[in-house]
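>>> Here is my input; please provide its structure:
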Amino acid sequence: MNLYLTVRALECLLATSLLIQTLEFFRLSRFADARSVWSWQRQRGDVAHTSVWLQKLFDWLFQERVHQAHLLLRLGAAASLFFGVSMVSAVFLFVSSLLILIRWRGAFNGGSDFMTMVVLTGLLVSQLAQPIVGPVIAWRAGLWYITIHAISSYFISGAIKLISGDWRSGRVLIHFLDGGLYGPLSDHSRLRKKPIALIASWSFIGWECLFPLALAGPQWAMLWCGIAALFHFLVFRFFGLNRFFWAWAASFPAIIYCSAQW
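Numbering: from 1, shown residues only. Okay, the predicted model is just below:
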């Protein structure tokens, strides 16, 4: 896969993911006033053990006006990725994401926050290393960083499911679907039938555990990433977790590129 096309695909997918996330943070502002469970006055207790100057810095950064200005700058920096990443945008978006994680107590949306930080770190590595090793090696290092984390996270997720008796029996899948956007499932739903729940559960387990096969070649990578895209779309469809789709999709160009570099 062409390095330039890989980088452009990654930048555009990451830009889309960050724009969606940032717009959602704007909508959350109404739930962050002083009476809300998400207010900084309540959340700041998590940094009470830090130095006084650091607490004052966070108090200033997370006051509503400054936070809104930060989100506006983040929108601009995210949109700039459609035209190519720069050192300034890479550093700003990385630091911005760290601040948002602090604001929302370490992880606002779980795995999608983790993968966003992984892709941003790969982007940052590519920018910081270019003056030292040149753009080609720097980008390859960043892409491999993203690929290793993405593949290992799928594999670990599958391994955890594999050792869980409830996942192997299909019970967990039914439990999750009962708590989804359209749950609980009706008593006559086909997804409640044990053979279907077993097939679906073992399909997820097998696909995740075998995800390292994505490195066997570009065709394998495209197949595994295609299944991943379908999986994350279904997670969005049944549970409303739209961030997962875009955050993980941003890692797919790196996986496909690295699969051809053996």
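
>>> mind checking the end-to-end distance for stretch 76-94?
14 Å (CA to CA, to the nearest Å).

>>> how far out from the middle of the chain is that stretch?
Stretch 76-94 sits 17 Å away from the centroid of its parent chain (CA atoms, centre = their mean, to the nearest Å).

>>> Would you mark the buried spots in it?
Residues of stretch 76-94 classed as buried by neighbour count (16 or more other CB atoms under 10 Å): A77, A78, S80, L81, V85, S89, A90, V91, F92, L93, F94. C-beta coordinates here come from the backbone N, C-alpha and C atoms, glycine included.

>>> try stretch 61-78
Under the neighbour-count criterion of 16+ other CB under 10 Å, stretch 61-78 has F62, H67, H70, L71, R74, L75, A77, A78 buried.

>>> between the buried residues of stretch 76-94, which is closest to V47?
Ranked by distance to V47 (CB to CB), these are led by F94 at 19.6 Å.

>>> who's in contact with that closest one?
Listed by CB atoms under 8 Å, 6 or more residues apart in numbering, the contact partners of F94 are M117, L120, T121, L123, L124.

>>> so where does it fall, helix or strand?
Following DSSP states H and E, one finds F94 within helix 87-103.

>>> Check L177 too.
Secondary structure (DSSP H and E) places L177 in helix 171-178.

>>> So for L3, what's the nearest residue that isn't a sequence neighbour?
Leaving aside its sequence neighbours, L3 sits nearest to W139 (CB to CB, 6 or more residues apart in numbering; 6.1 Å).

>>> where does the residue nearest to Q63 when sequence neighbours are not counted sit relative to S97, distance-wise?
Of all residues not flanking Q63 in the chain, W40 sits nearest, at 7.4 Å (CB to CB, 6+ apart). Note on W40: its distance to S97, by CB to CB, to the nearest Å, is 18 Å.

>>> Then F62?
F62 sits 15 Å away from S97, taking CB to CB as the criterion.

>>> Now tell me which helix or strand of the protein has the poorest mean pLDDT.
helix 40-43 (a mean of 76; mean pLDDT, DSSP states H and E).

>>> so how far is that one from its chain's centroid?
Here helix 40-43 is found 25 Å from its chain centre; the criterion is CA atoms, centre = their mean.
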